[in-house]
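Novice: test case, fold it:
(4 chains)
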Number of protein chains: 4
Amino acid sequence: MKKIVKFGIVGLGRLGRAHAENIAFKIPNAKLIAVCSIDEREVEEVQNSWGIEYGYTDYDEMLKNKNLDAIFVSSPSGYHCEQIKKALDAGFHVFSEKPLGLYLEDALEAMEAVNSHNDKIFMLGFMRRYDRSYAYAKKKIEEGHIGKPVLIRCYGLDPAPAMEGFLKFAKNSYSGGLFLDMAIHDIDLARWYMDSEIDKVWAIGGAYEYPEFNELNDAETGAAMAKFKNGTMGIFVAGRNCAHGYHIETEIIGTKGTLRIGTTPDKNLVTVFDDRGINKECAGGFLERFEDAYLQEVKEFVDCVLNNKKPNVTVEDGVLSTIAGYAFKESFETGELVEVKYLETVNI
Amino acid sequence: MKKIVKFGIVGLGRLGRAHAENIAFKIPNAKLIAVCSIDEREVEEVQNSWGIEYGYTDYDEMLKNKNLDAIFVSSPSGYHCEQIKKALDAGFHVFSEKPLGLYLEDALEAMEAVNSHNDKIFMLGFMRRYDRSYAYAKKKIEEGHIGKPVLIRCYGLDPAPAMEGFLKFAKNSYSGGLFLDMAIHDIDLARWYMDSEIDKVWAIGGAYEYPEFNELNDAETGAAMAKFKNGTMGIFVAGRNCAHGYHIETEIIGTKGTLRIGTTPDKNLVTVFDDRGINKECAGGFLERFEDAYLQEVKEFVDCVLNNKKPNVTVEDGVLSTIAGYAFKESFETGELVEVKYLETVNI
Amino acid sequence: MKKIVKFGIVGLGRLGRAHAENIAFKIPNAKLIAVCSIDEREVEEVQNSWGIEYGYTDYDEMLKNKNLDAIFVSSPSGYHCEQIKKALDAGFHVFSEKPLGLYLEDALEAMEAVNSHNDKIFMLGFMRRYDRSYAYAKKKIEEGHIGKPVLIRCYGLDPAPAMEGFLKFAKNSYSGGLFLDMAIHDIDLARWYMDSEIDKVWAIGGAYEYPEFNELNDAETGAAMAKFKNGTMGIFVAGRNCAHGYHIETEIIGTKGTLRIGTTPDKNLVTVFDDRGINKECAGGFLERFEDAYLQEVKEFVDCVLNNKKPNVTVEDGVLSTIAGYAFKESFETGELVEVKYLETVNI
Amino acid sequence: MKKIVKFGIVGLGRLGRAHAENIAFKIPNAKLIAVCSIDEREVEEVQNSWGIEYGYTDYDEMLKNKNLDAIFVSSPSGYHCEQIKKALDAGFHVFSEKPLGLYLEDALEAMEAVNSHNDKIFMLGFMRRYDRSYAYAKKKIEEGHIGKPVLIRCYGLDPAPAMEGFLKFAKNSYSGGLFLDMAIHDIDLARWYMDSEIDKVWAIGGAYEYPEFNELNDAETGAAMAKFKNGTMGIFVAGRNCAHGYHIETEIIGTKGTLRIGTTPDKNLVTVFDDRGINKECAGGFLERFEDAYLQEVKEFVDCVLNNKKPNVTVEDGVLSTIAGYAFKESFETGELVEVKYLETVNI
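Specialist: Below is the predicted model:
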């Protein structure tokens, strides 16, 4: 049994850097020995700050480093699919940030690559499953505490202050649109908790404050309702204009009880009483809310690599969530109720 | 100006009796002087307990009583329409419990009657609008606190212990089905808060614990998503199997903020800490949760009668909610996305 | 058995008027037929608005009215004792707002009067015991849910906006000081829940924002800790400068569990999410927070009169709370730990 | 500038092991290279599991290891003082778990040692200050958000299931008693938030469920009220019999607002709705509640060592809290109000 997993990471943006720091310092049995980015200054800065041995501006060069055990893909979404494939082909275990790619074709290609390297561990960064509250809810369900789950409600709302940045990005790049970009985590959670695939969906939304969303053929805030193949129900609210902060809330209603995760998205345990009343500040963003989950998921990956186990999140989870996400997108764009079309190549 | 409104009430079931007690004892400028029920013992019992002057087992007889100013209709839903018409024709002001009738035709007939007696005050018992928290939320919206409302989410869940009673009732009577019977209050609230009519709806649901609902062609728990004519969104969850009690929760998401009424349906202000953790008991049912609203709505009615004002809830609110409710029902029964068809005779 | 209790009320200030309205309109089997105030305009206004038969500016005159059954004392505290005695002597049942009087001697005199009219119902307005949440907590304790109570914590904080009015009042009148004026309700609650009398107390406090309190030899905000005769503990925080509103909170810690009433003093069920975070408005004052309790206590009184029962709150509760309150005051003024001295004439 | 702090830890009990794991894996720029315990098996087990280079059963031997930079003292409280002195004398930086020692003399000796090694970093494990919620509250106060703090309320309640273990321990060892052992964290927090030292205290308590506490001359649950030198107030509730779990709650009432940290001690973000109502599970113990704070405090220590800064928590904080704690103990034992006697050698 190997005792340490040596990582090389590609992508040193905000989330990439957070992952890099986690691997470098906070995860038992993991070591960050290589960093890669097309921006040479980023590479040097991270190498110097944290004492990382190898630095690359060329991903293919990093893959030649035989001291590495695993590649962590945290580059822009458009590169994920190809980088996953290359890393697997080069003989590495791979952890990839979501999504598998920008298009369904990417996701399918990534799946094929993963499936043809069955000896390698592959894991996709659906980190919410590793958040302690989400994991606790899953355990409660498995213990039968709420009976049979019949409805899941998911809120995924980005804070309004991030709007400007998003609009700038979206005017020049393909984000996938509100549902594919934002609701994909919720789609995965819904599949996980309801233990079924989405059968039909109707998605609506609009540009209520920012007309730019109409030009982008996208929604500022949207809602979708889904029927799962097992007859259960899903409600999804996604948005980019949440006044009070980063609001991630999930509720599972069962025949014997209900679980609600993050009823209010409190920043911490402090309540402020002042002349405005009783006040709680909200979480500011995903790095804050899921700080611990980003750690836990990589711990799981390291554990899987060291003990040759399959991670809980598979490449199929990525593919199936993407297929469903594209159905949300189609429904929003056509205004119609859409039946999700699964592929013969994907087991559901 | 008349100083006291003298009421006769028809229907002395659980809710009827609560209304009767309110009118008799708790509402300034109101007096209960007549009670009517087909059950003679009920009539006598109420007369004796509360010292009510007139008792009737025949509704038409009560309408001959010239000492009365107003009729309060709290009989089974199937009688509402006819009793409203008769009371208006006999020259009385009328307060009627919801719904206007079991079928859309009833509602339209009632509307016609109300509109042809413009000198009489008619009010429909959508009491939630008179709950202090709901009224406070409306005021906050009108003050612009949350910007433009873009999505409303309504939960209307009956407590599981009421299931047996419901199933017994539903096997012999027409309840209207989950959406028409349960979600009608929420449909009214949604129209009120979003200031628009429902355009399209998709409703789903199932029999998750009680297969009897399949036989009734009804849902034990259901969900619906609606698009309003002004482009905003509505989410409705209705159910008859809520493990923790009577759960009425409403959320309005706006471009500048969000309001949530009844985030958790606490019974009172007591938190119990014990070896199970931190616990709050839930409201047990509508009479408990809306005790005060049932008072406030009748206060408004009395005020309208005494000052010849139009109540905030009109007969059109009843008709339009019913039309929408039937679209929910149709969508649930067909599985299709349904466009709500409004009538030329109803202004929207 | 008499079916209706006919009330005359003395005192038509803000609280007096609220009581008058309750008796006039909201309490079954109660009728307000007389009002008395030294201010003739107040008397006329109330008589005219609500159609009250008798009006008086002279209390002794009202006591001659043989149509009355009960006197409701809601005058300034300095008059309570004498008016209670006179009403009892004139043969009426008496409900009196707290306190029994401004000084302990008053309270003892009132007690003597009550005890020498054993055929008359006397009740003191410790309304909190009739608040549904407080009553629910008492029931939970009696059912043994939290084992043996060992500590009670009481917060009684008046809203800061009421400060100016208080200071104006206190400069010219004897309020009793923070603990006797504000904590008296909490002392009664503590005695009720802990089922024991206070043995020793240490009270501290200061003038933290308003130096005027030093001149008044009073505290703006204060705290007291008490040991009960049965070995249990009490913590009391009182204040007149609560930024967020009227904060009444009570906690009872027991050997098997804990109860908390009003963990946060929410105004209603609405949560507001906006750019300041998650916000709840607070109750503004006692008339709002205890609106229902003010009704329930008089219902109990009416019930006692009609059925010749003893109310739950007795004159001894008033006397014992006052004795304890004066010990709080002495401790605050001397800085010393004070042993409460009970009188032989009062059973404890 | 040195880039890595190499630690040796003494004490591998439950908390010691948690600290060891943190240093070994979760703290940037820290490395655990030596472990010491009188239990050889513990040493071997930890060395083998985590690949720790050096193992010792003799503390003096560890201090001869010149590869070490810092000693982490996590042994039983009775050893702290001597081990701190020895480590400083041997030229190491020292982080010590609280308390400085079991007796005030120990604390003073430790202070003397620290002060005579001014070139060494010493830090005491008052980890609560490093909890994010507590740190956020401190920042709010410093920003003036609540005006001048006037009262602090601290709850420190151990979960009932830990009772048996405690009683077994306390029968054979000196714990310091409820206030010194349990409230010491709260005393430190109070001094920190109120920015003043405790002047007078009255402490009470009893054996309400477990008579063993009487034999130990200790309290099962206790309360204390303190007056600070700057005229502000402190309330402390400590206990070992908390039915619902580990309850740490702190409230600071100011002239302009109030802060409450941990209003309810929720385990996580999940709310469970079931037939018992609305339920949240509680934190089970200090390792769970303060998991992150135990990390943050050591990060601060490492940062101080690497950058030659003074930590926020000083040895004087330990001494002054201990002096105050002994006054709590004296008050509880004598039943009297106790004035805290500070020493000339300690600046306050």
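Novice: separation between the nearest residue to residue A:70 once chain neighbours are set aside and residue D:132?
Specialist: Spatial nearest neighbour of residue A:70, chain neighbours left out: residue A:93 (4.1 Å); criterion: C-beta to C-beta, 6 or more residues apart in numbering or on different chains. Placement of C-beta: from N, CA and C, glycine included. Between residue A:93 and residue D:132 the computed distance is 33 Å (C-beta to C-beta, to the nearest Å).
Novice: okay, these two: which has more neighbours?
Specialist: Applying other C-beta atoms under 10 Å in any protein chain shown to residue A:93 and residue D:132 shows that residue A:93 carries more neighbours, namely 23 against 15.
Novice: you'd agree that one is up against residue A:303?
Specialist: No: if you go by C-beta atoms under 8 Å, residue A:93 and residue A:303 don't touch, sitting 11.9 Å apart.
Novice: need the overlap of contacts for the two.
Specialist: In terms of C-beta atoms under 8 Å, 6 or more residues apart in numbering or on different chains, residue A:93 and residue A:303 are not both contacted by any residue.
Novice: the residue of chain A most remote from its centre: what's it in contact with?
Specialist: Here chain A reaches farthest from its C-alpha mean at residue A:275, the gap being 39.1 Å by C-alpha atoms, centre = their mean. Neighbouring residues of residue A:275 by C-beta under 8 Å, 6+ apart: C:160, C:243-244, D:256-257.
Novice: burial of residue A:142, as a residue count?
Specialist: Residues within reach of residue A:142, counting by other C-beta under 10 Å, total 9.
Novice: then residue A:70?
Specialist: 23.
Novice: distance check, it against chain C.
Specialist: From residue A:70 over to chain C the distance is 40 Å, taken as C-beta to the nearest C-beta, to the nearest Å.
Novice: wait, doesn't that residue sit right on residue A:298?
Specialist: No: assessed by C-beta under 8 Å, residue A:70 is found out of contact with residue A:298, at 9.7 Å.
Novice: overlap in contacts, these two.
Specialist: Contact with both residue A:70 and residue A:298 is made by residues residue A:95, according to C-beta under 8 Å, 6+ apart.
Novice: residues in the stretch 151-300 of chain A within reach of chain D, list them.
Specialist: Residues of the stretch 151-300 of chain A lying near chain D by C-beta under 8 Å from any C-beta of the partner chain: A:256-263, A:266-275.
Novice: go with 6 Å
Specialist: A:257-263, A:268-274 (C-beta under 6 Å from any C-beta of the partner chain).
Novice: just the residues you listed that are near chain B?
Specialist: Near chain B, by the rule C-beta under 6 Å from any C-beta, you find residue A:257 out of those.
Novice: redo the residues of the stretch 151-300 of chain A next to chain D as TSV? Include distance to residue C:124 and secondary structure.
Specialist: Listed next are those as TSV, based on distance: C-beta to C-beta, whole Å; DSSP: H, G, I helix; E, B strand; the rest coil:
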residue	distance to residue C:124	secondary structure
A:257	44	coil
A:258	44	strand
A:259	47	strand
A:260	43	strand
A:261	48	strand
A:262	47	coil
A:263	41	coil
A:268	44	coil
A:269	41	coil
A:270	40	strand
A:271	35	strand
A:272	37	strand
A:273	31	strand
A:274	35	strand
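Novice: and of the contacts of residue A:275, the nearest to chain B?
Specialist: Closest approach to chain B among the contacts of residue A:275 (C-beta to the nearest C-beta): residue C:244, at 15.9 Å.
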